[in-house]
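Chemist: Provided below are the primary sequence and the corresponding predicted coordinates.
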Amino acid sequence: MTTTTPNAKRPKVSKPQGVRQIMSNVHIWTGLLVGWILYAMFLTGTVSYFREELSTYMRPELHQLAEQPAAQVAQNVLDTIIEQDPGTPLVLMSLPTSRNPLASAFWRTPPGSDANRPAFDRAIFDPNNGQKLSIRDTEGGDFFFAFHFNLHYMSPLWGRWIAGLSAMFMLIAIVSGVITHKKIFIDFFTFRWGKGQRSWLDAHNALSVFGLPFHFMITWSGLITLMLLYMPWGMQQLPNMQDRAAVNSEMRFFLPGGQPSGTPATLVPISDLVQQAEARWGKNSVGSVQVNLANDSNARVAIARQQAQRISITPHYLLFDGVSGELISAKESSGPAATTQGVLYGLHLGRFADIATRWFYFLVSLAGTAMVGTGLVLWTVKRRSKLADPSKPYFGFALVERLNIASIAGLSVATTSFLWLNRLLPLDMAQRAQWEVHGFFIVWAATLLWSCLRPARRAWLELLWVATALLVALPILNFFQTDRHLFNSLQSGDWLFASFDISLWVFAALHAYMARRVTRHKAKGKPAPKTPPSKKAAASTPSAQPGAADMQEQTP
């Protein structure tokens with residue numbers, strides 16, 4: 001018979017992880033694996049809430065235009081396009097709004113045209129006379145809007161799949177984060193400065209709670225916007241293309257081209273049709289006009305209502321016979337599924353928002369960007385203290401740290417450089433708009449290279465100060481490059497340009513503050529191992545005490 005002594009050691013039994021610990025692991029890794037893509041998506045999406053205003057800011061030579069009746073603008077633009085390409089089967093025009101003073105259009109190249117011409121042509125028009133405007137070629141705010149969900153230098157299909165998968169990870173991270181932090185709402189009111197990891201966690205919690213409903217809505221609605229891409233099986237069950245086009249027309253304003261009859265006909269003045277639409281919906285309510293088969297007896301004209309007047313983006317439009325001017329149909333409602341999707345999409349885009357609501361969208365979305373950024377930084381801060389030698393981290397840690405630097409500080413440098421290129425590239429440069437975009441990515445790639453070549457702390461500092469300098473100097477550059485600099489803007493009441501220049505200085509101050517915080521931050525190394533109780537007792541015996549000479553040497 002064997003006996004065991006009371007002091008015999010028993011093997012440790014590891015306890016299974018609880019729900020919060022499991023959710024914590026899920027939250028950490030779902031946030032980290034796509035965190036750099038999410039940060040870029042959040043930042044470019046935030047900028048896109050002022051997409052039209054940014055496009056105007058990037059065309060400083062375009063001064064305030066007198067407001068023209070929508071009916072006359074539509075007629076003038078169509079006349080210009082038909083004069084250039086009389087056989088075009090499709091013209092889609094966007095009319096001026098309170099946020100965008102310009103008219104724009106794209107149209108299909110007529111059959112039999114020069115083989116070197118693209119399938120579609122596009123241009124921006126002066127609403128006063130309908131003529132093409134010779135202004136600087138720039139993507140403006142459209143670049144950030146497209147990058148937000150298409151990314152770049154890849155097929156839009158691949159870009160949307162990557163953006164969608166990242167949004168799915170974001171949704172999981174939000175839910176798991178709420179479950180993990182049982183005191184998340186209490187911690188919202190707690191912030192401890194200068195406490196290293198604790199301060200980063202407090203900032204992450206506060207930013208998360210501040211816009212939690214908004215962040216959940218934006219992430220969920222972003223997935224809904226592309227639901228037919230991720231779940232196409234319902235559309236695939238429809239028997240023919242006509243039925244699929246009918247479903248798409250419930251959610252988007254775009255009508256099938258139709259078949260030409262081959263019989264020439266004169267198009268009715270579309271100014272009269274736009275006036276009929278305004279009589280129905282109100283003045284300045286028309287947003288776009290589509291003309292199919294302009295010189296054919298089967299011509300059709302669709303007049304669409306502005307999306308800014310409603311939350312839902314499901315289209316409201318009137319369809320007219322292009323020859324007789326007779327109203328064929330009026331679409332002013334949609335089914336429950338299309339309406340639900342339209343409302344969620346409209347909430348995501350925020351096109352219905354007035355200036356105050358748009359600033360709310362911008363600030364809360366900016367907080368979401370900071371939430372993702374602080375989460376990425378927190379991952380490295382939490383693990384740096386456990387490194388045996390912080391100056392020689394293992395590969396995975398070093399990779400995350402360098403990607404953090406390029407994704408956060410580097411993206412600020414690249415975004416500001418995009419605005420600098422808009423001012424500095426020659427106005428007559430070939431493919432000027434494309435080179436603004438190329439320059440953005442060249443600078444961004446350079447920041448990644450810089451962050452790999454420099455010590456991490458120095459790379460953070462240098463890139464943050466570069467971003468600060470670029471932001472500070474851009475309004476000064478405007479003073480020499482344009483006549484719509486801050487002083488003139490304030491005197492003339494040009495609040496769009498004035499608010500942009502002032503905002504640049506505000507963001508410069510924010511980057512300078514972050515740089516100063518990095519300067520003052522002192523990384524903590526790996527804590528010294530705790531002395532076992534037995535050794536503490538041995539050290540307290542007289543024989544283990546240091547001698548008088550030793551004590552004197554240890555005294556400062």
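Modeler: Okay, I see it.

Chemist: With the flanking residues excluded, which residue is spatially nearest to Gly140?
Modeler: Ser55 (3.1 Å; Cβ to Cβ, 6 or more residues apart in numbering). All C-beta spots, glycine's among them, are computed from the backbone N, C-alpha and C.

Chemist: Check what contacts stretch 81-93 and list those residues.
Modeler: 74, 77-78, 103-113, 121, 254, 257, 260, 267, 288-295 (Cβ atoms under 8 Å, 6 or more residues apart in numbering).

Chemist: With stretch 339-348 instead?
Modeler: Here stretch 339-348 makes contact (Cβ under 8 Å, 6+ apart) with 217-218, 220-222, 224-225, 227, 251, 307, 310-314, 333-334, 352.

Chemist: and what of stretch 233-244?
Modeler: Stretch 233-244 has contacts (Cβ under 8 Å, 6+ apart) with 228, 247, 256.

Chemist: Endpoint to endpoint, it covers what distance?
Modeler: 12 Å (Cα to Cα, to the nearest Å).

Chemist: ok now it, how far from the chain's centre?
Modeler: The chain centroid and the centroid of stretch 233-244 are separated by 32 Å, computed with Cα atoms, centre = their mean, to the nearest Å.

Chemist: What of stretch 39-49?
Modeler: The answer for stretch 39-49 is 2 Å, by Cα atoms, centre = their mean.

Chemist: Kindly format the C-alpha coordinates of stretch 418-432 as PDB.
Modeler: Extracted C-alpha coordinates of stretch 418-432, given in PDB (Å, rounded to 0.1, in the frame of the first residue of the first chain):
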ATOM      1  CA  PHE A 418      -2.100  63.400 -52.800                       C
ATOM      2  CA  LEU A 419      -3.300  67.000 -52.200                       C
ATOM      3  CA  TRP A 420       0.200  68.300 -52.700                       C
ATOM      4  CA  LEU A 421       0.500  66.500 -56.100                       C
ATOM      5  CA  ASN A 422      -2.900  68.100 -57.000                       C
ATOM      6  CA  ARG A 423      -1.300  71.500 -56.600                       C
ATOM      7  CA  LEU A 424       2.200  70.700 -58.000                       C
ATOM      8  CA  LEU A 425       1.700  68.500 -61.100                       C
ATOM      9  CA  PRO A 426       1.600  70.500 -64.400                       C
ATOM     10  CA  LEU A 427      -1.900  71.300 -65.400                       C
ATOM     11  CA  ASP A 428      -1.300  70.100 -69.000                       C
ATOM     12  CA  MET A 429       0.400  66.800 -67.900                       C
ATOM     13  CA  ALA A 430      -0.800  63.700 -69.700                       C
ATOM     14  CA  GLN A 431      -2.800  61.400 -67.500                       C
ATOM     15  CA  ARG A 432      -2.500  63.900 -64.700                       C
END
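
Chemist: May I see the buried residues of that stretch?
Modeler: For stretch 418-432, a neighbour-count test (16 or more other Cβ atoms under 10 Å) marks 418-422, 425, 432 as buried.

Chemist: now, which of the residues you listed lie within helices?
Modeler: In this view, the buried residues of stretch 418-432 that belong to helices under DSSP state H are 418-422, 432.

Chemist: Pick the one among those residues closest to Ala445.
Modeler: Phe418 (13.6 Å; Cβ to Cβ).

Chemist: got the contact list for the closest residue to the closest one other than its chain neighbours?
Modeler: Nearest non-adjacent residue to Phe418, counting by Cβ to Cβ, 6+ apart: Phe440, 4.4 Å away. When contacts are counted by Cβ under 8 Å, 6+ apart, Phe440 touches 143, 414-415, 417-418, 421.

Chemist: Same question for Val413.
Modeler: Per Cβ under 8 Å, 6+ apart, neighbours of Val413: 443-444, 447, 463, 466-467, 470.

Chemist: just checking, which of these belong to helices?
Modeler: Counting by DSSP H, the contacts of Val413 contribute 443-444, 447, 463, 466-467, 470 to helices.

Chemist: still on that earlier bit, drop anything exposed from the contacts of stretch 233-244.
Modeler: By 16+ other Cβ under 10 Å, the contacts of stretch 233-244 give 228, 247 as buried.

Chemist: Closest to Trp495 out of the contacts of stretch 233-244?
Modeler: Proximity of these to Trp495 (Cβ to Cβ) peaks at Leu228, which lies at 39.8 Å.

Chemist: what residues are up against that closest one?
Modeler: Contact analysis of Leu228 by Cβ under 8 Å, 6+ apart lists Met235.
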